[in-house]
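[1] pasting the structure only:
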């Protein structure tokens, strides 16, 4: 999610009208990377949303579903494959569910 700063009260390492990437979103706050590349927790009222976080919501829903599958011993997983690069790093996991 991308947000634009509209108020720098109590956040000296932010700039007005600059866009920031949201790392974490809470009920009343965002955690963003500030101008000196540090994580900073700020009130949501200090920002306006530039790019919606629908992708973030979908990712969180997927993670919740996978956590459920792990706790239920993967009862609904039909098949999964893992694709790695030449260094052995995982690049993609494809999971097929029974439903």
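    Yep, that arrived. All values reported here derive from a predicted model rather than from experimental measurement.

[2] check contacts around the residue nearest in space to the middle of the chain.
    The residue lying closest to the centre of the chain (Cα atoms, centre = their mean) is residue 56, at 5.0 Å. Contacts were defined as Cβ atoms under 8 Å, 6 or more residues apart in numbering; by that measure residue 56 touches 1, 22, 25. Where you see a C-beta, it was placed from the backbone N, CA and C, and this is true even at glycine.

[3] Report pLDDT for the second one.
    Pointing back at residue 22 there. If you check residue 22, the pLDDT there is 90.

[4] State the distance from it to residue 76.
    Counting by Cβ to Cβ, to the nearest Å, the gap from residue 22 to residue 76 is 31 Å.

[5] Looking at these two, which one has more neighbours?
    Looking at residue 22 and residue 76 with other Cβ atoms under 10 Å, you find the greater number of neighbours at residue 22, namely 20 against 14.

[6] which residues does the more buried one bridge with?
    Assessed by DSSP bridges, residue 22 has beta-bridge partners residue 32.
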